[in-house]
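Return a 3D structure for these sequence lines:
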Amino acid sequence: VALAGRSRARVEALRAELEELGHPGAAEMGVLEADSADAGALADVAGRARVLLSFAGPYRKYGIPVARACAEAGTHYLDISGEAAFQREMIDSLHEDAQRRGVCLVTACGYDSVPFDIGTLMCVRGLRKAAGARCKAVTAVLGSAKGGVSGGTLASGIHASANGDFTKYGDPHVLDPGYERTVPAAKPPAAVRYFPFLGRWLAPSVMEKVNQKVVYRTRGLLSSEYGDLEYRESSAVPSRLAGYGMCVALGLIGGVVLRFSSLFYALKLIPRPGEGPSKELRDSGFFNLHVVGEGETAEGEKRFAHAHVGCLPGTGDPGYKLTAAMATECALCLVEQHDALPGITGGVLTPASCFGELLLPKLNAAGIGTSVKVGASPEEAGGHNTDE
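Here you go, the predicted model:
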């Protein structure tokens with residue numbers, strides 16, 4: 001294992017810090033130096049690795065040279081990006097070359113979008129295996145959770161807002177294979193609504209526009225299983241009023257914070273890149289995601305699947321500690337189980353299309369539980385039992 005960054009001194013300092021904290025193997029970790037603007041240095045780093053895991057964003061600004069160096073070196077690449085503009089550029093410029101070389105370039109390997117992508121896969125396959133049904137629609141609902149705000153994620157959002165990427169790459173099908181042939185998206189449900197399956201009020205999810213694109217790319221890559229599945233995502237809230245309050249808060253973030261970020265940085269109201277939640281919050285965080293799949297048998301009978309992906313309080317902050325854990329487990333899956341991977345043929349892939357259900361025990365090893373229940377009614381599939 002090696003640590004890489006654009007400053008050798010800072011990477012060595014990080015390694016020393018890890019050693020002081022007692023992390024096993026820290027002293028033996030290699031140190032590699034490369035700047036994303038230095039093609040020669042990137043080629044050297046990529047050439048030394050079997051798998052390269054990139055945490056350096058905004059990816060739209062820094063990511064393509066790193067992914068290209070990996071594709072050319074025959075090195076598998078993973079990142080934690082939720083930036084559609086970067087992901088689309090990577091597909092257009094590297095997907096076919098990576099397929100020819102059998103290289104896996106896997107994006108969105110953190111909290112964006114592993115739980116949502118894998119949870120959907122669990123519903124699709126659970127309905128097929130247990131009930132012989134095809135999944136028609138999925139509703140992902142983020143339940144109880146605790147976590148902080150990432151300065152890096154905000155920086156990516158600010159960069160995308162300034163470049164107009166939110167508008168240009170806003171279509172939920174923008175990452176689909178054959179995107180130019182995609183029909184218009186279906187009309188979304190009401191922003192605030194009651195969801196009988198879980199017995200909860202739902203409000204918009206700030207992550208839907210990120211995760212929906214990833215799930216739809218999985219749908220295209222696994223079209224024989226997914227068909228025309230529709231994906232929606234929401235956050236559970238205590239009441240209708242709380243739902244409208246969340247709508248206002250999300251509007252302020254998109255319309256004010258991202259647009260006037262310089263002022264918010266100056267007033268120290270938002271974290272800068274490299275800043276984030278305290279150690280206490282990183283260690284005490286958790287999340288619970290409920291993915292509800294609605295399916296239909298060949299005879300036209302309804303079936304339901306309820307997948308849960310989540311963890312107990314104290315497992316870790318989803319955006320920091322658990323994102324690092326999920327991305328690392330994805331990398332280990334590539335190293336240890338490459339020949340068994342569904343995505344062995346390579347290309348620009350998603351977590352579900354690359355790792356499939358092989359990732360489930362890896363997530364369990366990181367303290368993230370996974371389960372799915374299928375039934376002929378919401379009650380049989382665990383409806384109203386949200387483990388909140």
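
Could you give the separation of stretch 107-121 from the chain centroid?
With C-alpha atoms, centre = their mean, to the nearest Å as the basis, stretch 107-121 stands 4 Å off its chain's centre.

again, but for stretch 85-102
Put simply, stretch 85-102 sits 18 Å off its chain's centre (C-alpha atoms, centre = their mean).

Could you give the average pLDDT over it?
Stretch 85-102 comes out with an average pLDDT of 96.

Going by neighbour count, which residues of that stretch are buried?
Buried residues in stretch 85-102, counted by 16 or more other C-beta atoms under 10 Å: 85-91, 94-95, 97-99, 101. Bear in mind the C-beta positions are built from the backbone N, C-alpha and C, glycine included.

Give me the contact list for that stretch.
For stretch 85-102, the external contacting residues (C-beta atoms under 8 Å, 6 or more residues apart in numbering) are 58-60, 63-64, 67-68, 71, 74, 81, 104-105, 107-108, 160, 163, 165, 168-169, 174-175, 179, 213-214, 217, 344-348.

the helices in the stretch 151-300 of the chain, which residues?
With DSSP state H, counting those that start in this stretch as the criterion, the stretch 151-300 of the chain has helices at 151-163, 165-168, 208-221, 223-226, 240-252, 261-266, 279-284.

Figure out which of those helices is closest to residue 116.
helix 208-221 (4.1 Å; C-beta to C-beta).

sorry, back to before: save the helices of the stretch 151-300 of the chain as CSV, and put in mean pLDDT and distance to residue 272 too.
Shown next, in CSV, are those (pLDDT from 0 to 100; distance: least, C-beta to C-beta, whole Å):
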stretch, mean pLDDT, distance to residue 272
helix 151-163, 74, 5
helix 165-168, 77, 20
helix 208-221, 96, 21
helix 223-226, 94, 39
helix 240-252, 89, 20
helix 261-266, 73, 6
helix 279-284, 92, 17
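
May I see those organised as a markdown table, with mean neighbour count added?
Formatted as a markdown table, the helices of the stretch 151-300 of the chain follow (neighbours: other C-beta atoms under 10 Å):
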| stretch | mean neighbour count |
| --- | --- |
| helix 151-163 | 20 |
| helix 165-168 | 15 |
| helix 208-221 | 24 |
| helix 223-226 | 14 |
| helix 240-252 | 14 |
| helix 261-266 | 14 |
| helix 279-284 | 14 |
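
For residue 309, which of the ones you listed is the nearest?
Closest to residue 309 of these, according to C-beta to C-beta: helix 208-221, at 12.1 Å.

now for the closest one, which elements pack on it?
Under the contact definition 3 or more C-beta pairs under 8 Å, 6 or more residues apart in numbering; DSSP states H and E, helix 208-221 sits against helix 84-101, helix 114-131, helix 223-226, strand 230-237, helix 351-355.

Identify the residues contacting it?
Outside helix 208-221, the residues that touch it by C-beta under 8 Å, 6+ apart are 82, 84, 87, 107-108, 112-113, 116-117, 120-121, 138, 140, 170, 172-178, 205, 226-227, 229, 231-234, 349-353.

Type out the PyMOL command that picks the buried ones from the residues you listed.
Buried subset of these, written as a PyMOL selection, criterion 16+ other C-beta under 10 Å:
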select buried, resi 82+84+87+107+108+112+113+116+117+120+121+138+140+172+173+174+175+176+177+205+226+229+231+232+233+234+349+350+351+352+353
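
Report the contact partners of the nearest residue to residue 196 once chain neighbours are set aside.
Spatially, and ignoring its direct neighbours in sequence, residue 196 is nearest to residue 378 (7.1 Å; C-beta to C-beta, 6 or more residues apart in numbering). Shown in contact with residue 378 (C-beta under 8 Å, 6+ apart): 196-197, 304, 384.

is it fair to say residue 315 lies in a strand?
No - using DSSP: H, G, I helix; E, B strand; the rest coil, the assignment for residue 315 is coil, not a strand.

Let me know whether it touches residue 322 as I believe.
Yes - under the criterion of C-beta atoms under 8 Å, residue 315 makes contact with residue 322 at 6.8 Å.

Spell out which residues are contacts of both of these two.
Shared contacts of residue 315 and residue 322, defined by C-beta under 8 Å, 6+ apart, are found at 285, 368.

Looking at those two, which has the bigger crowd around it?
Legend: neighbour count by other C-beta atoms under 10 Å for residue 315 and residue 322, higher for residue 322 (26 against 21).

re the thing from before, and the two most separated of the buried residues of stretch 85-102?
Greatest spacing in the buried residues of stretch 85-102, by C-beta to C-beta: 85 and 101 (24.2 Å).

how far away is the residue nearest to residue 314 when sequence neighbours are not counted from residue 22?
Among residues not flanking residue 314 along the chain, residue 284 sits closest, at 5.7 Å (C-beta to C-beta, 6+ apart). Noted for residue 284: a distance of 20 Å to residue 22, by C-beta to C-beta, to the nearest Å.
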